[in-house]
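Chemist: What follows is a predicted structure for the sequence shown.
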Amino acid sequence: MNNIKLIFTAAAALLASGCVTTPPSHDYSNFREANPYSILVLPPINNSPEVIAGYSVMSQITAPIAEAGFYVFPVALVDQTFKSNGITVANDAQAVPIEKLREIFGADAAMYITIEEYGTSYVIISSETRVTASAQLIDLRDGKVLWEGRGTASSAENRGNSGGGLVGMLVEAAVSQIVETVSDAGFDVSAMTTNRMLSSESYNGLLYGPRSPKHGQPAPSEKQAK
């Protein structure tokens, strides 16, 4: 009976792995038509219990957008501008009308980010720091959605097996949780998440911007779709 259960379990796992398909390529037509030069990153809405999550993600968000070939307004300056105008909550910042955002900053488009997961968790024999975020790029001239994406990353991705059996795994998980909580591994994991979500070299990432030597070339997902 146990052998039969094992066979069914293995078959189910094999069937599940065979059903994993690559998501369809984004429709970049609005993005390509708008051809934004500058991007304003709004303070992220934080749906995680970690207070520091917003600042952690914001500190990593500029690099992949700039590397894609766009001008990114300095996030510290943007944050201070909102606070100087009495807007201290991310939800309020993202609720500002697009006409007002364009009037104040003069940006072509704005990036709206939501943090879905952030923090270190301990589950029986494993511990990880996970960061998951989603984003939308909105044209500030007409309100069209130019792009949207989602990214997730975990500190456990490249962690090897300790080889110490169950006790070793328990000890490793406990130590990892302590170290990652104290050192706030979320900053490094946030960098992985934002890069996967936004990089022009990622599947369904941003298009190559005007400052990129690859500007005008198809996105990687578009190439794979052909």
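Modeler: In hand now; what should we look at?
Chemist: rest of the way, CA atoms for contacts and neighbours
Modeler: Will do.
Chemist: So which bits of stretch 202-219 are buried?
Modeler: 203-210, 212, 219 (16 or more other Cα atoms under 10 Å).
Chemist: Turn those into CSV, including pLDDT, distance to residue 45 and secondary structure.
Modeler: Shown next, in CSV, are these (pLDDT from 0 to 100; distance: Cα to Cα, whole Å; DSSP: H, G, I helix; E, B strand; the rest coil):
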residue, pLDDT, distance to residue 45, secondary structure
203, 92, 24, coil
204, 93, 22, coil
205, 95, 20, coil
206, 97, 20, coil
207, 96, 24, coil
208, 97, 26, coil
209, 96, 25, coil
210, 96, 28, coil
212, 96, 29, coil
219, 89, 28, coil
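Chemist: a markdown table please, covering those and showing distance to residue 29.
Modeler: As requested, the buried residues of stretch 202-219 are exported to a markdown table (distance: Cα to Cα, whole Å):
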| residue | distance to residue 29 |
| --- | --- |
| 203 | 16 |
| 204 | 13 |
| 205 | 14 |
| 206 | 12 |
| 207 | 11 |
| 208 | 13 |
| 209 | 14 |
| 210 | 16 |
| 212 | 19 |
| 219 | 12 |
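Chemist: Farthest pair within those?
Modeler: Spatial extent of those (Cα to Cα) is set by the pair 203 and 210 at 19.3 Å.
Chemist: which residues of the chain fall in helices?
Modeler: All helices of the chain, identified by DSSP state H, fall at 2-18, 29-34, 53-67, 75-84, 90-94, 98-105, 165-183, 186-198, 220-225.
Chemist: just for the chain, where's the confidence low?
Modeler: Applying pLDDT under 70 to the chain picks out residues 1-21, 120-127, 157-185, 225-226.
Chemist: Now do residue 105: how many residues are near it, please.
Modeler: By other Cα atoms under 10 Å, 14 other residues sit near residue 105.
Chemist: Repeat that for residue 82.
Modeler: 17.
Chemist: pretty sure it contacts residue 95?
Modeler: No: using Cα atoms under 8 Å, residue 82 is not in contact with residue 95; the gap is 11.9 Å.
Chemist: Who are the contact partners of the closest residue to residue 200 other than its chain neighbours?
Modeler: Nearest residue to residue 200 in three dimensions, chain neighbours excluded: residue 206, at 4.8 Å (Cα to Cα, 6 or more residues apart in numbering). Going by Cα atoms under 8 Å, 6 or more residues apart in numbering, residue 206 touches 65, 68, 147, 198-200, 219.
Chemist: so which of those residues would you say is closest to residue 75?
Modeler: Taking Cα to Cα as the measure, residue 75 sits nearest to residue 65 out of those, at 12.0 Å.
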